[in-house]
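Engineer: I would like the atomic coordinates for the input below:
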Amino acid sequence: MDFTFNNWIINGKRIPYAFKEKRIRLHGESTQSELFVFQKIINALESSKPWITMLSGYPDGSFGWAKVEDQLKDKNNAPRLYVEYVGQGDSDKPEDYNYSTIERADLVEAHWKQQQIKSTFVVSFDYSSLVVLELLRRQQERISKGIPLDTTINKVLLINGGYFADAHSHPYLTTPFLKSRLGKMSTKMVQRSKIVFLMYLKMVKNMWSSNYQVSKIELDEFYKAVTHRNGAVFMSHAGGFVDEHKKNYAMRWDLESIYLEMKDTVSFHIVGSQDDIFEPRQLVKAQKSLGKYHVDIREIPGGHFCTIEQPEIIANIINELHDTAS
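Structural biologist: As a prediction, the model looks like this:
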């Protein structure tokens with residue numbers, strides 16, 4: 001496959017999202033607010049099978065799944081929904097938008113409602129783990145209140161995410177720097193210059209493992225995905241998700257407590273890369289906190305961007321879990 005950003009978005013579409021009303025606008029409807037978000041659906045006609053919802057990482061968005069989808073396409077005919085958050089990929093990137101985990105969860109639910117998805121296996125990478133934890137929390141709250149569920153999450157696969165507020169350990173030059181005033185200025189420079197972007201990647205180091213030789217084409221397409229529609233500044237706008245977890249939602253988005261409340265109705269699975277520099281403590285804490293409950297926790301080779309380094313392994317795990325009854 002030709003792994004280019006243009007090829008990734010060409011088979012998707014931009015659809016109108018009424019963000020204040022938290023729903024995808026239907027044809028002919030009027031709304032108070034509207035943005036356009038990218039949506040990619042695979043095997044839509046196979047709707048009799050359980051859906052897989054693919055939630056992407058930061059900062060390259062749904063394009064980060066391109067190699068995994070290439071591995072899935074001939075082996076898994078389940079319908080798959082790839083969500084592109086506001087600010088990423090081919091979605092709109094408003095300057096004055098309230099970027100947050102909460103609004104990302106709202107968008108995911110809007111996609112589910114539009115597609116009339118009754119149940120789904122959710123696969124998340126990177127910061128989308130927080131979105132999944134919020135969605136699970138909402139599901140449990142609705143169940144406890146006797147509110148019927150429009151969509152039921154029956155299984156989750158969390159890959160290289162942040163599950164505990166006290167285990168975040170992002171290097172300074174990543175999200176801590178990007179959310180600063182200087183970081184915002186830097187993202188504007190990145191938008192104008194690929195050279196600046198490559199210099200930044202060189203400073204960050206080890207986004208991929210030392211055994212993986214990132215090609216020039218991969219870096220070029222990564223840059224296109226990040227900067228499409230003036231998107232580089234999103235890295236600054238969305239850089240506060242770790243602080244959001246620590247300061248506001250430490251208990252609400254705590255994986256162990258969510259697991260204990262939902263383990264009888266939701267199947268939990270975790271994958272962590274051995275050389276992940278962004279969240280290495282999360283996997284260790286997950287093994288300590290959840291291993292005693294015999295939760296499925298796996299380590300795989302590679303660095304943080306395992307969806308690029310190890311697409312076959314990721315796809316095989318998705319296939320295995322999707323074929324297993326929840």
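
Engineer: how close does H168 get to I258?
Structural biologist: Using Cβ to Cβ, to the nearest Å, H168 is found at 17 Å from I258. Glycine gets a C-beta too; all of them are placed from N, C-alpha and C.

Engineer: The two - which one has more neighbours?
Structural biologist: Shown here are H168 and I258; by other Cβ atoms under 10 Å, I258 has more neighbours (22 against 19).

Engineer: name the helices or strands packed onto the helix or strand harbouring L107?
Structural biologist: Element membership of L107 [criterion: DSSP states H and E] is helix 101-115. Using 3 or more Cβ pairs under 8 Å, 6 or more residues apart in numbering; DSSP states H and E, the elements in contact with helix 101-115 are strand 13-18, strand 23-24, strand 35-42, strand 51-55, strand 80-83, helix 128-144, helix 241-248.

Engineer: out of these, nearest to F121?
Structural biologist: strand 51-55 (5.0 Å; Cβ to Cβ).

Engineer: hang on, the earlier thing: out of the helices and strands packed on helix 101-115, flag the one nearest D276.
Structural biologist: Once the helices and strands packed on helix 101-115 are compared by Cβ to Cβ, helix 128-144 is nearest, at 12.4 Å.

Engineer: For the next helix or strand after that closest one, name the packing helices and strands.
Structural biologist: Using DSSP H and E, the helix or strand that follows helix 128-144 towards the C-terminus is strand 152-159. Judged by 3+ Cβ pairs under 8 Å, 6+ apart, strand 152-159 is in contact with strand 119-125, helix 128-144, strand 267-275, helix 311-323.

Engineer: quick one, which of those is packed in tightest?
Structural biologist: strand 119-125 (a mean of 23; mean count of other Cβ atoms under 10 Å).

Engineer: got a list of contacts for stretch 68-77?
Structural biologist: Residues from elsewhere that reach stretch 68-77, judged by Cβ atoms under 8 Å, 6 or more residues apart in numbering: 1, 3, 42-43, 46, 49, 52, 54, 80, 82, 307, 311-312, 314-316, 318-319, 322.

Engineer: Any idea how many residues pack against E109?
Structural biologist: 18.

Engineer: Could you do M189 as well?
Structural biologist: 14.

Engineer: got it, and A250?
Structural biologist: With other Cβ under 10 Å as criterion, A250 counts 12.

Engineer: Which pLDDT value does the model give it?
Structural biologist: We have a pLDDT of 93 for A250.

Engineer: residue contacts, it?
Structural biologist: A165, D166.

Engineer: and the helix holding L107, which residues are buried?
Structural biologist: For helix 101-115, burial by neighbour count (16 or more other Cβ atoms under 10 Å) applies to 101-112, 114-115.

Engineer: most centrally placed residue in this structure?
Structural biologist: The centroid of the chain falls nearest to S56 when counting by Cα atoms, centre = their mean (2.6 Å).

Engineer: wait, what's in contact with that one?
Structural biologist: Residues in contact with S56, defined by Cβ under 8 Å, 6+ apart, are 62-65, 82-85, 88-89, 125-126, 128.

Engineer: do the same with A225
Structural biologist: F5, W8, D60, G61, F63, G64, G89.

Engineer: mind running it again at 7 Å?
Structural biologist: A225 makes contact with F5, D60, G61, F63, G89, according to Cβ atoms under 7 Å, 6 or more residues apart in numbering.

Engineer: Just those: which are in strands?
Structural biologist: Assigned to strands by DSSP state E, none of the contacts of A225 qualify.

Engineer: Among those residues, which ones are in helices?
Structural biologist: F5 (DSSP state H).

Engineer: possible to save the contacts of A225 as JSON lines with distance to V156 and neighbour count?
Structural biologist: Supplementary listing: the contacts of A225 in JSON lines, determined by distance: Cβ to Cβ, whole Å; neighbours: other Cβ atoms under 10 Å:
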{"residue": "F5", "distance to V156": "27", "neighbour count": "22"}
{"residue": "D60", "distance to V156": "21", "neighbour count": "25"}
{"residue": "G61", "distance to V156": "20", "neighbour count": "27"}
{"residue": "F63", "distance to V156": "22", "neighbour count": "32"}
{"residue": "G89", "distance to V156": "22", "neighbour count": "30"}
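
Engineer: got the contacts of A225 as CSV, with distance to T151 and pLDDT columns?
Structural biologist: Output for the contacts of A225, formatted as CSV (distance: Cβ to Cβ, whole Å; pLDDT from 0 to 100):
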residue, distance to T151, pLDDT
F5, 29, 95
D60, 26, 94
G61, 22, 97
F63, 25, 97
G89, 23, 97
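
Engineer: N76 versus W253, what's the distance?
Structural biologist: Distance from W253 to N76, by Cβ to Cβ: 29 Å.

Engineer: Which one's more surrounded, these two?
Structural biologist: W253 (25 against 20).

Engineer: and the more buried one, what is it in contact with?
Structural biologist: L130, L133, E134, H245.

Engineer: distance of the residue nearest to it when sequence neighbours are not counted from D243?
Structural biologist: Spatial nearest neighbour of W253, chain neighbours left out: L133 (4.1 Å); criterion: Cβ to Cβ, 6 or more residues apart in numbering. From L133 over to D243 the distance is 16 Å, taken as Cβ to Cβ.
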